[in-house]
Structures are given as C-alpha cells and as structure tokens.
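Engineer: A predicted structure for the sequence below; I have some questions about it.
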2 protein chains.
Amino acid sequence: MKLTSKGRYAVMALVDLARFNNINPVSLRDISLRQGISLDYLEQIFSKLRKKEIVQSVRGIQGGYVLNKKANEIKLTNIFDAVDEKVKTVQCKKESKKGCNGKSTKCLTHNLWDELENHINNFFEQKSLEDLIKDNRERRI
Amino acid sequence: MKLTSKGRYAVMALVDLARFNNINPVSLRDISLRQGISLDYLEQIFSKLRKKEIVQSVRGIQGGYVLNKKANEIKLTNIFDAVDEKVKTVQCKKESKKGCNGKSTKCLTHNLWDELENHINNFFEQKSLEDLIKDNRERRI
DNA sequence: ATAAACCTGACTAAAATAGTCAAGTATATA
DNA sequence: TATATACTTGACTATTTTAGTCAGGTTTAT
Ligand code: FES
Ligand code: FES
C-alpha cells in the first residue's frame, strides 16, 4: 500500500499555502521552490483543488492561490478526494453483489477489506489542515 | 492507496487453508479453484510464506500446505511482511536524515505520514488469522 | 512407473504513476 | 499600453509497478 506523490504533494502544498494565507495569494512558483515540487505538476494538482473549491485562484501578476475555507474545515478527506487519491482495498465494485474476477459472490475476506478501508478513511476524516499547521508550530519550538 | 492483489490473495488463501487445516495438507490446486486465484501466482506467494515459516509444505501426491503456527499467532503483519506487501507513505528512507527528492531535511508533513503509517500498521498488528476465521463463521449463521 | 503436487526463475503485457511540454489567458504595475 | 507574472488547459511520455504467465524442474504416495 503506497501513498502516491500526487496525494502527498497536495497536502504538502496546502500546508505551505496555509502558513502564508491571509496575507497574500501564494504563487505556485513559491511553493514549487520551497517544497521542491515540479511547477507543472503543482498546476495539475491545484486545478483539481480549485474545482473542488478548496482553494481560490487570483490571476495576473502578484496572483496565486488562497484557501477557500477555514483551515479547520479542510480535512485530509477533502484534499484526497479532490485529487482522486482514494483508498482501494479491493478490485470489485462496492455496489455490485459480484466479487473480484467476476466471481458470483464476495470473497471470504471481503469484510476485512471493508474494515481496513474504514480504518484508513477515519484517519483522513479526523485530520484537518489546521491540525497539521499547529502540529508543525509545536515541533519548531 | 491501493492494497495489491498479492497481499489480498495471500490473506484469502491463508484463510481458506486455515479452515481445512488440522485435517490434511491443503493443495494449492484446491485453493486456486475455490478462491479463483491463478495457481502459478499462488505458488509464488506460498514460496514466500514458507520461507517466512508461516506455512509448511508437504511434497508429493496428497501433499499441500499446512499452517506452521497457531492461527492466533499469525497476524496480518506477518503475512504482509512475508509477501513484501508494505505500507509506504513516503519516498524517502527512514534511516536517512534527508528528505524526498534529495532535499536536505524532512518535509513539513513528514510527521503526518509517519502517523498514517503507524495507524495502518496498527490495524495489521491487531488482526490474526483466527480473528478472520471466527468472523467468517459468525457471518455464516 | 506415474501422477499429483510442490519448487524455481525468468519473462511479459498492461496499468498506473509521475511527471513534461506546449500553447494559451488574465491582470497588476511601470 | 507594454510586459512580465502567474494562472489554465490538454496532450503527451518515460518509468515503474503489478499481476500475472510460462517452462522447466523435484519429490513422494500409491
Ligand atoms: S475483495 Fe472482491 S470479492 Fe472480496
Ligand atoms: S515525506 Fe520524504 S521528506 Fe517528508
């Protein structure tokens, strides 16, 4: 089970942005330089974040991005959802009664994978951007 | 974040095996048929499980595999470890002081990913093969 | 002897990931 | 108003990982 760079970068970038938020829009260029993430890749990521109304864009010179909600209202779930970083413990569709590989019923371990998925998603639902920033400040002391 | 088939199959196969354990060795052929997993793939998986002493093999006709420990002593952690299904939330090496992409320090969100990794691994450490079988019996009533 | 079943290593098609690249559009400011 | 900064969009691609397959064994009960 791996967390993809896309998901990891999305959170890193938003934490970076959130620290400078309320002052000025933060440009992707700055985030790119500070966090060492490819600018072109960031652009893809922020396009998705904007579509899901997690950030707002300010075009033109001195532009950049601003948070569109309070930091405590942005959970990891929302971020991951926006960039299509989803937890998948199975191959088969949830809606369908059928199992993996076209089997007619769900497998012996199906319930386990559901539990696992919930366990992980719970973590994402509990952590907000604000938590991350606080956590970070304390660490710096 | 996806669970790979290899990890999923390893657990499925062991649950299947554990149900018939204590009677006779269980052949991979049977597991393959019952669970709909490629025989050749199962062989790869069981080779690893045997090397980590989770199962024992019985060669020749009427042969197969038997659990090498009690079902309550085999945790998901042990199974995943055996087949190299590991949880990885970061790219950078844990031992190294360096961050991802060759950065000289760890990133802003590093602590978060450590927490996430622990959170997931906790789940794997708590679940034993016995739990899965019990769970399954109850469900069948 | 033979068939069932384990054992091993090499190989490969397909999918996913982690980007890059090219060609724009909007706007603050000099 | 010229221009540089920064967002916007979509297509393209190299690399890696996954999920197997395939071809050849070896062991042993009957
Ligand atoms: S995981 Fe798909 S059938 Fe259980
Ligand atoms: S995840 Fe590698 S530096 Fe934090």
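Structural biologist: Looks like it came in fine. Numbers count the residues shown, from 1 in each chain, chains lettered A, B, ... in the order given. Ligands and ions are numbered 1, 2, ... in the order given.
Engineer: contacting residues for the residue of chain A most remote from its centre?
Structural biologist: Here chain A reaches farthest from its C-alpha mean at A:S104, the gap being 34.6 Å by CA atoms, centre = their mean. Neighbouring residues of A:S104 by CB atoms under 8 Å, 6 or more residues apart in numbering or on different chains: A:K98. (Glycine included, C-beta is placed from N, CA and C.)
Engineer: what's near enough to touch A:M1?
Structural biologist: Taking CB under 8 Å, 6+ apart as the test, what A:M1 contacts is B:1-4, B:7, B:85-88, B:120.
Engineer: make it 6 Å
Structural biologist: B:1, B:3, B:87 (CB atoms under 6 Å, 6 or more residues apart in numbering or on different chains).
Engineer: Roughly how far does the first one sit from A:K2?
Structural biologist: By that I understand B:M1. Separation of B:M1 from A:K2 (CB to CB, to the nearest Å): 7 Å.
Engineer: Could you count how many residues lie near the residue lying closest to A:G99 once chain neighbours are set aside?
Structural biologist: Nearest-residue entry for A:G99: A:K106, 4.7 Å, with adjacent residues in sequence omitted and distances by CB to CB, 6 or more residues apart in numbering or on different chains. For A:K106, the count of nearby residues is 17 (other CB atoms under 10 Å in any protein chain shown).
Engineer: Let me know the secondary structure of A:K106.
Structural biologist: coil (DSSP: H, G, I helix; E, B strand; the rest coil).
Engineer: All the helices of chain A, in order from the start?
Structural biologist: A:5-20, A:28-35, A:39-51, A:76-82, A:110-126, A:129-140 (DSSP state H).
Engineer: Any buried residues in the last one, and which?
Structural biologist: To tie it back to what came earlier, the one meant is helix A:129-140. The neighbour-count check on helix A:129-140 (16 or more other CB atoms under 10 Å in any protein chain shown) flags A:129, A:132-133, A:135-136 as buried.
Engineer: From these, pick the one nearest DNA strand D.
Structural biologist: Nearest to DNA strand D among the buried residues of helix A:129-140, counting by CB to the nearest atom of the strand, is A:L129 at 18.0 Å.
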